[in-house]
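# can't give you the sequence, but here's the structure:
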């Protein structure tokens, strides 16, 4: 169980601070169950979620050493450029990667969509809205978690990722 003050990743919401472990006061709520009161770090509002058996995955923030190791792997990641037969299929493919809640998968998704963007730019074309939406979501989730783990700003993580991606790109 998590304690008050712990930083966790809550589903696709991203990094949250556990404010408290509580029993619901609302009528009709299961008063026997414990709930986490979560405060998202990069959004407004609060989230109540069951401490056990919730539908949305909750896990600790990645350790700093693991975040650094994943950043070091960027040059070795092979992009998998996805071109779904329909926009719905493409969105489902990307959503499946997001739902793993795995930093390595999020990083691979970012590298792949950015490679697709670079490939399309070479043809004077632009990335589609579905690609852009999932790239933004993956970047937000990954950079905010790495920022917390490494005790830097999300912008610093973003700049580091950009630098590493540029270093791996062959000269055109």
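Happy to help now that I have it. Note that the coordinates shown come from a computational prediction; the quantities given were computed from them, not determined experimentally.

# isn't residue 148 right up against residue 60?
No - here residue 148 lies out of contact with residue 60, judged by Cβ atoms under 8 Å, at a distance of 10.6 Å. Heads up, the C-betas are built off the backbone N, CA and C, glycines and all.

# mind listing the shared neighbours of those two?
residue 7 (Cβ atoms under 8 Å, 6 or more residues apart in numbering).

# who has more neighbours out of these two?
residue 148 (22 against 11; other Cβ atoms under 10 Å).

# buried residues in the helix or strand hosting that one?
Residue 148 is part of helix 129-150, with elements assigned from DSSP states H and E. By 16 or more other Cβ atoms under 10 Å, the buried positions in helix 129-150 come out as 130-131, 134-135, 137-150.

# max-length strand in the protein?
strand 14-22 (DSSP state E).

# quick check: closest non-adjacent residue to residue 137.
Of all residues not flanking residue 137 in the chain, residue 98 sits nearest, at 6.1 Å (Cβ to Cβ, 6 or more residues apart in numbering).

# state the distance from the residue nearest to the spatial centre of the chain to residue 97.
Nearest to the mean C-alpha position of the chain, by Cα atoms, centre = their mean, lies residue 141 at 2.6 Å. Counting by Cβ to Cβ, to the nearest Å, the separation of residue 141 from residue 97 is 11 Å.

# sweet, I'm off.
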